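**Student:** Below is the structure, and that's it, no one-letter string:
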């Protein structure tokens, strides 16, 4: 008699799983991984064609890490076309394409629109960010207006809930048409479109919750009347911004090249500052600009993306922190621009401040170990008497998420040593973390009798198997 284990090995136990379990497994996989499930068993051979509802086409090699030639684009487009020809599911939840594509592929991209919207797509994203971050406007793909505005050619877009367009030309008139034609649209993100000028997002029945217009240089005005809007972002030059009605607004992101973006944002959003919970500001900090600060009574998270020259002082940013009495988290992303060598100057100290009892977490990205950031960090560590954690990341914000991030972290040994010297300012019980490549340098909570330096490595490798996702993690702590 054969052992039960042998019989189990010969049986196709995977195919015995309920259909809803198999479909759930497929929904966790990428398109490429789902294709591979066709070899699991005979019953799985065509299963993915009928049940995969998330189509995410992305370049496996980061676009900033290589030059994209037309032959690469041709190969990518053929792969998308082949997959769509095989796909048999009646509906899809998400359709995303992320690759450096231009109007040379207009015919193919237009077909992707037809495919996705004919299957009732809910989330649609085109990200054509150029590999060299330079793409002439004349080469950019233009959103197919005729597919949505012409009665004869129009396609059904009633199911759309999220639309993201990056480096795609689209007009304000078409966006207004989409808003009126998509009763379920909740998220709209447009990045680097040079066809937008005067924008109106108005309607008492709008479902729109998220609206971000980023780096669209021709925008001159934005008018908002959106009863459900929760998050609004605008990055660019000063414009006519009118937020007439947004009773649920709680998250705002304002940035650009203007020398006074903070004052401009406060003026345009003055009626809603009291209800904001999260605020992100892009600040070009030159020559100690004066910041006029109204009170943000409900603000919990303040994030400042600051561009400055070495040698300046960031103490005027303290007024932003103190204007939010309930602030729990503060994030600073610092980018230094200077044609001259970094300047040595004396570290200044804030002597007159009120203790901050609510600030629990601080994150500093782009730490350079100079007076410009050291003195601000010392203020934060001394004033936040109930601080629980501070994270210092030596990597420039411009390199986050790129291959240069690893090299930056590896080459910043002196900066990390400088950061370690700041731990003496920690309030009792606070955790001090300095990000590194691997391992992660972490200074444990400070006690009255000793300060421990903790080295921790936390690697999480997430790999998709043929029947699901498996996670392996290795971690250890070493006190010294």
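**Tutor:** Noted; the coordinates are in hand. Just so it is clear, the model here is predicted, and its values are computed rather than measured. Numbering: from 1, shown residues only.
**Student:** Neighbours of residue 325, how many?
**Tutor:** 15 (other C-beta atoms under 10 Å). Backbone N, C-alpha and C define where each C-beta goes, glycine included.
**Student:** can you give me the helices for the stretch 1-150 of the chain?
**Tutor:** Using DSSP state H, counting those that start in this stretch, the helices of the stretch 1-150 of the chain run over 4-10, 19-27, 31-36, 47-51, 70-86, 106-118, 145-149.
**Student:** let me fix that: the stretch 201-350 of the chain
**Tutor:** 261-268, 318-322.
**Student:** and these, which one is worst for confidence?
**Tutor:** Of all the helices of the stretch 201-350 of the chain, mean pLDDT reaches its minimum on helix 261-268 (a mean of 79).
**Student:** got CSV for the helices of the stretch 201-350 of the chain, with mean neighbour count and distance to residue 365 too?
**Tutor:** What follows is those, written out as CSV (neighbours: other C-beta atoms under 10 Å; distance: least, C-beta to C-beta, whole Å):
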stretch, mean neighbour count, distance to residue 365
helix 261-268, 20, 19
helix 318-322, 18, 17
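**Student:** Tabulate those in a markdown table, adding columns for distance to residue 21.
**Tutor:** Below are the helices of the stretch 201-350 of the chain laid out as a markdown table (distance: least, C-beta to C-beta, whole Å):
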| stretch | distance to residue 21 |
| --- | --- |
| helix 261-268 | 49 |
| helix 318-322 | 50 |
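**Student:** among those, which is nearest residue 146?
**Tutor:** helix 261-268 (34.9 Å; C-beta to C-beta).
**Student:** centroid residue for this structure?
**Tutor:** residue 401 (10.2 Å; C-alpha atoms, centre = their mean).
**Student:** Now it: phi and psi?
**Tutor:** phi 80, psi 10 (degrees, to the nearest 10).
**Student:** give me the number of residues near residue 295?
**Tutor:** Neighbours of residue 295 using other C-beta under 10 Å come to 12.
**Student:** That one reaches residue 322, doesn't it?
**Tutor:** No: with contacts counted by C-beta atoms under 8 Å, residue 295 stays clear of residue 322, the gap being 9.5 Å.
**Student:** For the stretch 351-480 of the chain, just list every one of the strands.
**Tutor:** Per DSSP state E, counting those that start in this stretch, the stretch 351-480 of the chain carries strands over the ranges 361-365, 389-393, 431-434, 440-446, 451-465, 468-479.
**Student:** for the stretch 151-300 of the chain, same thing?
**Tutor:** Under DSSP E, counting those that start in this stretch, the stretch 151-300 of the chain gives strands at 162-166, 168-169, 187-191, 198-202, 210-214, 221-225, 231-235, 240-245, 251-255, 278-285.
**Student:** got a list of contacts for the shortest one?
**Tutor:** This points to strand 168-169. Residues from elsewhere that reach strand 168-169, judged by C-beta atoms under 8 Å, 6 or more residues apart in numbering: 126, 128, 137, 140, 141, 142, 143, 190, 193, 194, 195.
**Student:** Report the contact partners of the residue lying closest to the second one once chain neighbours are set aside.
**Tutor:** In space, not counting the residues next to it along the chain, residue 128 is nearest to residue 167; the distance is 4.3 Å by C-beta to C-beta, 6 or more residues apart in numbering. Contact criterion C-beta under 8 Å, 6+ apart gives 127, 128, 129, 130, 135, 140, 141, 191, 192, 193 as the residues in contact with residue 167.
**Student:** beta partners for residue 231?
**Tutor:** On the basis of DSSP bridges, residue 231 is bridged to residue 210, residue 251.
**Student:** That one: neighbouring residues, count only.
**Tutor:** Residues near residue 231, counting by other C-beta under 10 Å, number 17.
**Student:** ok, now how distant is it from residue 425?
**Tutor:** Distance, residue 231 to residue 425, by C-beta to C-beta, to the nearest Å: 35 Å.
**Student:** hmm, back to that, show the buried residues in the contacts of strand 168-169.
**Tutor:** 126, 128, 140, 141, 143, 190, 193, 195 (16 or more other C-beta atoms under 10 Å).
**Student:** can you tell me how far residue 433 sits from residue 389?
**Tutor:** 7 Å.
**Student:** Name the residue in the two with the higher neighbour count.
**Tutor:** residue 433 (19 against 15).
**Student:** What mean pLDDT does stretch 125-137 get?
**Tutor:** Stretch 125-137 comes out at a mean pLDDT of 80.
**Student:** Please apply the same query to stretch 238-248.
**Tutor:** 94.
**Student:** Just the buried positions in that stretch, please.
**Tutor:** Buried residues in stretch 238-248 (16+ other C-beta under 10 Å): 239, 241, 243, 246.
**Student:** can you check stretch 350-369 too?
**Tutor:** In stretch 350-369, counting by 16+ other C-beta under 10 Å, buried: 356, 359, 360, 361, 362, 363, 364, 365, 366, 367, 368, 369.
**Student:** right, and the second one touches residue 324 too?
**Tutor:** So the one you mean is residue 359. No: using C-beta under 8 Å, residue 359 is not in contact with residue 324; the gap is 9.1 Å.
**Student:** and the residue nearest to the centre of the chain, what pLDDT?
**Tutor:** pLDDT, residue 401: 74.
**Student:** any idea how far residue 313 is from it?
**Tutor:** Residue 401 is 30 Å from residue 313, by C-beta to C-beta.
**Student:** before we move on, back to that, as JSON lines, the buried ones among the contacts of strand 168-169 with distance to residue 266 would be great.
**Tutor:** Putting the buried ones among the contacts of strand 168-169 into JSON lines (distance: C-beta to C-beta, whole Å) gives the following:
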{"residue": "126", "distance to residue 266": "34"}
{"residue": "128", "distance to residue 266": "34"}
{"residue": "140", "distance to residue 266": "34"}
{"residue": "141", "distance to residue 266": "37"}
{"residue": "143", "distance to residue 266": "33"}
{"residue": "190", "distance to residue 266": "24"}
{"residue": "193", "distance to residue 266": "27"}
{"residue": "195", "distance to residue 266": "29"}
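**Student:** Tell me the one of these nearest residue 100?
**Tutor:** Nearest to residue 100 among the buried ones among the contacts of strand 168-169, with distances taken as C-beta to C-beta, is residue 128, at 6.5 Å.
**Student:** Enumerate every residue touching the closest one.
**Tutor:** 97, 99, 100, 101, 102, 135, 140, 141, 166, 167, 168.
**Student:** just residue 436 next, same as before
**Tutor:** Residue 436 neighbours (C-beta under 8 Å, 6+ apart): 409, 416.
**Student:** what comes into contact with stretch 318-327?
**Tutor:** 262, 281, 291, 293-302, 304, 330, 350, 353-354, 356, 358-359, 376, 379-380.
**Student:** for that stretch, the distance to its chain's centre please.
**Tutor:** When distances are taken as C-alpha atoms, centre = their mean, to the nearest Å, stretch 318-327 is centred 24 Å away from the chain's centroid.
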